[in-house]
Each structure stands twice: as C-alpha cells, then as structure tokens.
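>>> what follows is a predicted structure for the sequence shown.
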Amino acid sequence: MNPLMALIRWFCLLPLCFSVISQLVSSQHSDQSTMFALQKELSVLGWDVKNPDYCAWIGIRCNSNGSVERLELPRRELKENLVKNSGFEEGPHVFHNSSNGVLLPPRGEDLTSPLLGWLIESLKAIKYIDSRHYNVPFGKAAIELVAGRESAIAQVLRTVANATYNLSFVIGDAKNGCHGSMLVEAFAADKTVKVPYSSTGKGGYKAASLVFKAATARTRITFFSSFYHTKVDDLGTLCGPVLDQVRVYPVTK
Ligand SMILES: [Ca+2]
C-alpha cells in the first residue's frame, strides 16, 4: 500500500480523520494537498507548510515523480494532542493593516477568552502575532509573552489521574528587534521546566519538552516569560519570547 494511504488509514482511527478526508475529497488528490491536510491536523514538527516542497519535510522521502514513497514519524506524532488550539491558529481577527499584533486582555476584563481554549492568567496582556508581520514558528499565528512574569497563559486539560504525559512546545523570537537572553517557564502538574533562548532578533525557534504525571482528571499547563525585554531600537516597547505549537500526548510504556 502507498505509505501515504497507509498513514491516512491509520490516522482515521482518530476522530480528527473527518476533516482531513473532507479536504481530500475537495482536493486534486495530489500528495501535496494530502500532506498539507495532514499537517493541518497533526502539526508535525519539521513539516513546514511555508515550504511547498513537502518532499523536503522531515521524515518524508519522495520518488523522482514527487510522490511520497516513505514516511517516518515518531509514534507520539500520531496520537491525539490534548491541547486545544495548540498552535494559536484560532484567535482574534488581526487587522490587515496593523503591524502591531493584538494585545489580549487578562482574564477579568473580559468574560470570554479571545483565544480559543486558553486562559490569560495575568495582570497584563499577552500579544497575539500573525505571520504577515512577524516571524511565527508554525502556521499563521503565535503569541508573544510581552510582560515577563505578569503575562502568563494557561490551559486546563482533561487527563487521567496517575497517567504520564509529555508536554512539548516551541519558543523563539518574532523577528521584531527583541534581542537578549530569554527564559520561558512551563508548568504542568507538579513539574516545571525553564527553557533558555538566546534571541538575535532573526526569527529563530527551538523545541522543548517536559514529562509529567497527572494528579487528577484535570491538569493545568502554564507558560510565562521569566524576564522583561524591550526592543533594541525602542526601549519603551515591551517584547518577549514567542510561544507556539504546544502539545500534550500520553506517554505509552
Ligand atoms: Ca502557530
């Protein structure tokens, strides 16, 4: 069986299958549209949809006709991610002419979060940035933690008590003149990790992860920036590390 069809067949064991299939039905049935539809649901690290040459994506091998010949994916990539809106792709409308991103207010000022699935648990706003004006690690949007420890974002996940999970995420910079030694702190159940990132303002990113054991049927994951940063050419403007691609998968033994 074609390796791509084998993956889709396996993938259809997951509830996310239907949206992929619906996209396939409306597509030209080419490997490119299939790969893009799969990436939209799976958000595999190293599958960069900004690069239309899917044959160059990590773990993909194509034949001379550009058809996918081989797929190598870590097992965890094919489990359902517990994090809602894990890539921050569903957020407030970003005005086309605005290059400043959108400041999302802390909880309390607004009854419903403007960012699907996420709680803004902070005294100050976080910033929603889009790929037209900023460097975003994956997809079309991400968030920038612009107010140090006063700018936290969290989500409560449905977990199984005593089960072990892996939390992974990427941090980077928005290519917006925000230089310096950054540090993002992530929390899940009773575990925490501090991830350093050295920003040269060029729009890079790195991946990090944390293994934790759920204590109850609900587990909170939280992120904030340890430090305050300002733009090199505008010391009055706060900036900070970018967070994207937050995923939680059960760890199978
Ligand atoms: Ca994203």
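Looks like it came in fine. Residues are numbered from 1 along each chain as shown.

>>> and the stretch 101-250 of the chain, which residues reach the ion?
138, 139, 142, 244 (C-beta under 5 Å from the ion). Bear in mind the C-beta positions are built from the backbone N, C-alpha and C, glycine included.

>>> can you put those in JSON lines and add pLDDT, secondary structure and neighbour count?
What follows is these, written out as JSON lines (pLDDT from 0 to 100; DSSP: H, G, I helix; E, B strand; the rest coil; neighbours: other C-beta atoms under 10 Å):
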{"residue": "138", "pLDDT": "90", "secondary structure": "coil", "neighbour count": "25"}
{"residue": "139", "pLDDT": "89", "secondary structure": "coil", "neighbour count": "20"}
{"residue": "142", "pLDDT": "95", "secondary structure": "strand", "neighbour count": "29"}
{"residue": "244", "pLDDT": "96", "secondary structure": "strand", "neighbour count": "22"}
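
>>> in the stretch 51-200 of the chain, where is pLDDT below threshold?
For the stretch 51-200 of the chain, residues meeting the criterion pLDDT under 70 lie at 74-79, 94-99, 106-113.

>>> strands of that one, residue ranges please.
Using DSSP state E, counting those that start in this stretch, the strands found in the stretch 51-200 of the chain span residues 60-62, 68-71, 102-104, 119-120, 126-130, 141-144, 153-158, 164-172, 180-188, 191-199.

>>> pick the most deeply packed of the ones you listed.
Between the strands of the stretch 51-200 of the chain, the one whose residues have the most neighbours on average, counting mean count of other C-beta atoms under 10 Å, is strand 141-144 (a mean of 27).

>>> which strands and helices sit next to that strand?
In terms of contacts (3 or more C-beta pairs under 8 Å, 6 or more residues apart in numbering; DSSP states H and E), strand 141-144 is packed against strand 126-130, strand 242-250.

>>> mind checking how far the shortest one is from the chain centre?
Pointing back at strand 126-130 there. 13 Å (C-alpha atoms, centre = their mean, to the nearest Å).

>>> number the residues from 42 up from this point.
Right, with 42 as the first residue, what we last looked at is strand 167-171.

>>> what lines up beside that strand in the sheet?
On the basis of DSSP bridges, the sheet neighbours of strand 167-171 come out as strand 143-145 (antiparallel), strand 182-185 (antiparallel).

>>> make a markdown table out of those and add distance to residue 111.
Formatted as a markdown table, these follow (distance: least, C-beta to C-beta, whole Å):
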| stretch | distance to residue 111 |
| --- | --- |
| strand 143-145 | 41 |
| strand 182-185 | 31 |
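
>>> having no further points to raise, I will conclude here.
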